[in-house]
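J.: Just need the structure, nothing else, for what follows:
(2 chains)
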There are 2 protein chains.
Amino acid sequence: MAATFPARATAQPLQNADELIDSVETFIFDCDGVIWKGDSLIDGVPETLDMLRSRGKRLVFVTNNSTKSRKQYGKKFETLGLSVSEEEIFASSFAAAAYLKSINFPKDKKVYVIGEDGILKELELAGFEYLGGPEDGGKKIELKPGFLMEHDENVGAVVVGFDRYFNYYKIQYGTLCIRENPGCLFIATNRDAVTHLTDAQEWAGGGSMVGALAGSTQREPLVVGKPSTFMMDYLANKFGILKSQICMVGDRLDTDILFGQNGSCKTLLVLSGVTSLSMLQSPNNSIQPDFYTSKISDFLSLKAATV
Amino acid sequence: MAATFPARATAQPLQNADELIDSVETFIFDCDGVIWKGDSLIDGVPETLDMLRSRGKRLVFVTNNSTKSRKQYGKKFETLGLSVSEEEIFASSFAAAAYLKSINFPKDKKVYVIGEDGILKELELAGFEYLGGPEDGGKKIELKPGFLMEHDENVGAVVVGFDRYFNYYKIQYGTLCIRENPGCLFIATNRDAVTHLTDAQEWAGGGSMVGALAGSTQREPLVVGKPSTFMMDYLANKFGILKSQICMVGDRLDTDILFGQNGSCKTLLVLSGVTSLSMLQSPNNSIQPDFYTSKISDFLSLKAATV
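T.: You can find the predicted model right below:
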């Protein structure tokens, strides 16, 4: 008999992992809070990934973090002893470059970057010319009467991601491009309110840099990271898979689970990251995954129920 | 016969200034684009203000600029040869302090400031303890594993205004206060997309700093500047005037004219600032003042029509 899944109205505890695994072809994993926490691997992850691979499942790792490129992310997996290839990693830095490719962004136009090194690396790999990024972190504006900030009229897109060197120079440069260059795109890697720069506390995320530019341009960005469906559509297209054959696994309701639901995938919330069971079950929460479980290594122990 | 005013549906050119002047008790003037442009006085302003005072009208000057205090603004009027007292000036820096007073903000709580000197000066005059401001402009975050930014748990309000020294330190500090201090207020001096730091171009305004904090806290600020009605209510209360006895004069539809309309005042748009007649009459514009005219000195020439 075909597996039946409960309605989305209330998340169910995962009881039969085999049934879920058999019902999909691809697992998309969020990284922070699912695979690792800060610099520590979460318990049982290597064995779980090995088991899924041995059962022929495609594994994809998606992160809204845009500070690293795919290659730089690959090193993080390697350091933690996980064997994951660059092609399996989809960071929002890569998504920004992939989006520009997908719309045939003209190669004679430039990209202004508010963000860190990962975005620059991915733009370079994709063959786009860029300016801004960390280099503009130390720039100041000297306001004399009549002073005007020049900007490059060939900038056709402004990409905004998390940027710890954010400053007014960048706000004004990006604003000028978006407001004054005809047709200039405003692309956000993500709008996450908070991010995990260190384990010790939550840090203001890419949503703050994007909010600043939205405030000064009165434009809404095109978001390429979660929960927008761009990466999901890209993956489905690239691998030729049906979205109903994907299970999205994450620790955040408003990015990961919403991302999976926006893409009509199956969704599994793990409680090894920022979301607790009481947050999931709070009457204030309207986002219900199909299933929840404590961590992905539960896949190894939750065998078919003997009803 | 009593003066009749046209419906708000379509702005009328001001034809009979005397009738408008006789119908109100108080004129509220926006400054930039109405009184001056950058560092130059607009033609005929001193004579117009003298005429209005001689006819017994109360004059009030309102600005969303929070970088200066009332006193500092007073100097600007003086430099331009205008005799305006501090008590006639209402800058959004003052409004932030006045708002905190109006709600009896506890004196043992502190205010964290993202903004420039004007806000600090007004908070000091109102007797509030503050931290942040320009002093945090040079602060950087060193991200080591386990690093945590400490923040003052006695901060009960974060005030955000235009800040050319905006940086990630300030974003994170303000975010921590708003997210982690129970009941902490999030107050914006204004959400203006652009501001006029120099005559030569438009500069990203306070809306960008406020947007950044809204993005990281997922909270909406309480706005004390235009077009919120706080200053209008404050003025009406302070001077004991009816709002229908006020005419708001400004050069911006979405701040000045909306501010007047939100307060149920009469409204006059002057075309000496950022709004042109074609912008006013564009089908995309939904904000219609009662009247429009080229500049306030038209008050001197537009006498009663001889119908």
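J.: Can you check the pLDDT for the most centrally placed residue in chain A?
T.: Nearest to the mean C-alpha position of chain A, by C-alpha atoms, centre = their mean, lies residue A:64 at 2.3 Å. pLDDT, residue A:64: 95.
J.: who's in contact with it?
T.: Residues in contact with residue A:64 (C-beta atoms under 8 Å, 6 or more residues apart in numbering or on different chains) are A:91, A:92, A:189, A:190, A:192, A:195, A:206, A:225, A:226, A:255. Placement of C-beta: from N, CA and C, glycine included.
J.: Turn these into CSV, columns for secondary structure and distance to chain B.
T.: Below are the contacts of residue A:64 laid out as CSV (DSSP: H, G, I helix; E, B strand; the rest coil; distance: C-beta to the nearest C-beta, whole Å):
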residue, secondary structure, distance to chain B
A:91, strand, 18
A:92, helix, 15
A:189, coil, 13
A:190, coil, 11
A:192, coil, 9
A:195, strand, 9
A:206, helix, 8
A:225, coil, 14
A:226, coil, 16
A:255, helix, 13
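J.: Among those residues, the buried ones, what's the ChimeraX command?
T.: Applied in ChimeraX, the following selects the buried portion of the contacts of residue A:64 according to 16 or more other C-beta atoms under 10 Å in any protein chain shown:
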select /A:91,92,189,190,192,195,206,225,226,255
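J.: Residue A:254 and chain B, how far apart?
T.: 9 Å (C-beta to the nearest C-beta, to the nearest Å).
J.: Residue A:193 too?
T.: 5 Å.
J.: That residue and residue A:205 touch, don't they?
T.: Yes: in this structure, residue A:193 is within contact of residue A:205 by C-beta atoms under 8 Å, at 5.6 Å.
J.: okay, now the domains of chain A?
T.: A:12-64+A:227-301, A:94-223 (automatic domain parsing).
J.: Can you get me a residue count around residue A:183?
T.: 7 (other C-beta atoms under 10 Å in any protein chain shown).
J.: okay but it is in contact with residue A:156, surely?
T.: Yes: between residue A:183 and residue A:156 there is a contact under C-beta under 8 Å: 6.8 Å.
J.: Kindly report the residues of the stretch 51-200 of chain A close to chain B.
T.: A:141, A:143-149, A:163-168, A:171-172, A:175-176, A:179, A:191, A:193-194, A:197-200 (C-beta under 8 Å from any C-beta of the partner chain).
J.: all helices for the stretch 201-307 of chain A, in order.
T.: With DSSP state H, counting those that start in this stretch applied, the stretch 201-307 of chain A shows helices at A:206-217, A:230-239, A:258-262, A:277-281, A:298-301, listed in chain order.
J.: Which element, helix or strand, includes the closest residue to residue A:234 other than its chain neighbours?
T.: Nearest in space to residue A:234, with sequence neighbours left out and distances taken as C-beta to C-beta, 6 or more residues apart in numbering or on different chains, is residue A:98 at 5.9 Å. According to DSSP states H and E, residue A:98 maps onto helix A:92-102.
J.: roughly how far out does that helix sit from the chain middle?
T.: Helix A:92-102 sits 12 Å away from the centroid of its parent chain (C-alpha atoms, centre = their mean, to the nearest Å).
J.: Common neighbours of residue A:193 and residue A:205, please.
T.: Residues touching both residue A:193 and residue A:205 by C-beta under 8 Å, 6+ apart: B:215, B:216.
J.: okay, the angle between the helix or strand of chain A with the lowest mean pLDDT and helix B:206-217?
T.: Of all the helices and strands that make up chain A, strand A:194-198 has the lowest average by mean pLDDT, DSSP states H and E, namely a mean of 85. Relative orientation of strand A:194-198 versus helix B:206-217 (axes from the mean of the first three to the mean of the last three C-alpha atoms, to 10 degrees): 70 degrees.
J.: Quick check, residue A:285 in contact with residue A:253.
T.: Yes: between residue A:285 and residue A:253 there is a contact under C-beta under 8 Å: 6.4 Å.
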